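Got a predicted structure plus its sequence, pasted below:
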Amino acid sequence: LETPRNQLLNGVHDAGNSVSGAVWTALYRAIHRSNALLQNIDKAVAPDATKRRIAGEAKFLRAWSYFELVTLWGGVPIYTQVATSASG
(Lines give C-alpha, C1' and ligand atoms only; values in the text may rest on other atoms or scores of the structure.)
Protein backbone atom coordinates (compact mmCIF):
# COMPACT_ATOMS: atom_id res chain seq x y z
CA LEU A 1 0.00 0.00 0.00
CA GLU A 2 2.87 2.38 0.70
CA THR A 3 4.91 1.29 -2.31
CA PRO A 4 3.66 4.07 -4.65
CA ARG A 5 4.55 6.72 -2.07
CA ASN A 6 7.96 5.18 -1.45
CA GLN A 7 8.61 5.14 -5.20
CA LEU A 8 7.84 8.86 -5.38
CA LEU A 9 10.09 9.63 -2.42
CA ASN A 10 12.93 7.62 -3.96
CA GLY A 11 12.39 9.03 -7.45
CA VAL A 12 11.93 5.62 -9.06
CA HIS A 13 8.25 5.77 -10.02
CA ASP A 14 6.78 5.13 -13.45
CA ALA A 15 3.56 5.99 -15.26
CA GLY A 16 1.75 3.21 -13.43
CA ASN A 17 2.26 4.80 -10.01
CA SER A 18 -1.21 5.16 -8.48
CA VAL A 19 -0.38 8.25 -6.40
CA SER A 20 1.07 10.26 -9.27
CA GLY A 21 -1.78 9.09 -11.50
CA ALA A 22 -4.33 10.32 -8.98
CA VAL A 23 -2.62 13.72 -8.74
CA TRP A 24 -2.49 14.04 -12.56
CA THR A 25 -6.17 13.12 -12.86
CA ALA A 26 -7.30 15.49 -10.09
CA LEU A 27 -5.40 18.45 -11.55
CA TYR A 28 -6.78 17.89 -15.05
CA ARG A 29 -10.26 17.46 -13.56
CA ALA A 30 -9.90 20.92 -11.96
CA ILE A 31 -8.76 22.33 -15.32
CA HIS A 32 -11.70 20.74 -17.12
CA ARG A 33 -14.19 22.10 -14.60
CA SER A 34 -12.63 25.57 -14.76
CA ASN A 35 -12.84 25.54 -18.55
CA ALA A 36 -16.47 24.39 -18.44
CA LEU A 37 -17.36 27.19 -16.05
CA LEU A 38 -15.54 29.80 -18.13
CA GLN A 39 -17.26 28.66 -21.32
CA ASN A 40 -20.70 28.89 -19.71
CA ILE A 41 -20.39 31.82 -17.31
CA ASP A 42 -22.41 34.09 -19.59
CA LYS A 43 -25.42 31.77 -19.24
CA ALA A 44 -25.48 32.20 -15.46
CA VAL A 45 -28.18 34.32 -13.89
CA ALA A 46 -26.08 36.45 -11.57
CA PRO A 47 -24.83 40.02 -11.28
CA ASP A 48 -21.94 40.86 -13.60
CA ALA A 49 -19.64 41.51 -10.62
CA THR A 50 -20.34 38.01 -9.32
CA LYS A 51 -19.69 36.47 -12.75
CA ARG A 52 -16.37 38.33 -12.99
CA ARG A 53 -15.32 37.16 -9.52
CA ILE A 54 -16.24 33.54 -10.24
CA ALA A 55 -14.47 33.66 -13.62
CA GLY A 56 -11.37 35.07 -11.93
CA GLU A 57 -11.43 32.29 -9.36
CA ALA A 58 -11.78 29.66 -12.10
CA LYS A 59 -8.82 31.16 -13.99
CA PHE A 60 -6.76 31.11 -10.80
CA LEU A 61 -7.57 27.45 -10.11
CA ARG A 62 -6.73 26.55 -13.71
CA ALA A 63 -3.42 28.41 -13.53
CA TRP A 64 -2.55 26.83 -10.16
CA SER A 65 -3.33 23.38 -11.56
CA TYR A 66 -1.01 23.98 -14.52
CA PHE A 67 1.69 25.28 -12.17
CA GLU A 68 1.49 22.06 -10.16
CA LEU A 69 1.50 19.90 -13.30
CA VAL A 70 4.52 21.68 -14.80
CA THR A 71 6.37 21.59 -11.48
CA LEU A 72 5.84 17.84 -11.21
CA TRP A 73 6.04 16.72 -14.86
CA GLY A 74 7.54 19.51 -16.96
CA GLY A 75 5.79 20.29 -20.23
CA VAL A 76 2.16 19.14 -20.17
CA PRO A 77 -0.79 19.49 -22.56
CA ILE A 78 -2.60 22.81 -22.13
CA TYR A 79 -6.35 23.05 -22.61
CA THR A 80 -8.21 26.38 -22.51
CA GLN A 81 -11.51 24.94 -23.79
CA VAL A 82 -13.53 21.96 -22.63
CA ALA A 83 -12.09 18.77 -24.10
CA THR A 84 -14.70 17.08 -26.26
CA SER A 85 -12.83 13.82 -26.85
CA ALA A 86 -10.05 11.75 -25.31
CA SER A 87 -7.58 13.21 -27.84
CA GLY A 88 -8.36 16.79 -26.84
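Done, it's in.

When you work out contacts or count neighbours from here on, use the C-alpha atoms and nothing else.
Fine.

Got phi/psi on Q81?
Note on Q81: its backbone torsions stand at phi -130, psi 160 [degrees, to the nearest 10].

can you point me to the longest helix in this protein?
Secondary structure of the chain read by DSSP state H shows that its longest helix is helix 48-73.

From E57, how far off is F67?
Separation of F67 from E57 (CA to CA, to the nearest Å) stands at 15 Å.

pLDDT of the longest helix of the chain, averaged?
Taken as a whole, helix 48-73 carries a mean pLDDT of 95.

Report the buried residues of that helix.
Buried residues in helix 48-73, defined by neighbour count with 16 or more other CA atoms under 10 Å: K51, I54, A55, A58, K59, L61, R62, S65, Y66, L69.

and Y79, which of the three is it?
Local secondary structure at Y79 is given as coil here, using DSSP: H, G, I helix; E, B strand; the rest coil.

between the buried residues of helix 48-73, which is closest to N17?
Compare each of the buried residues of helix 48-73 with N17 using CA to CA and the shortest gap goes to L69, at 15.5 Å.
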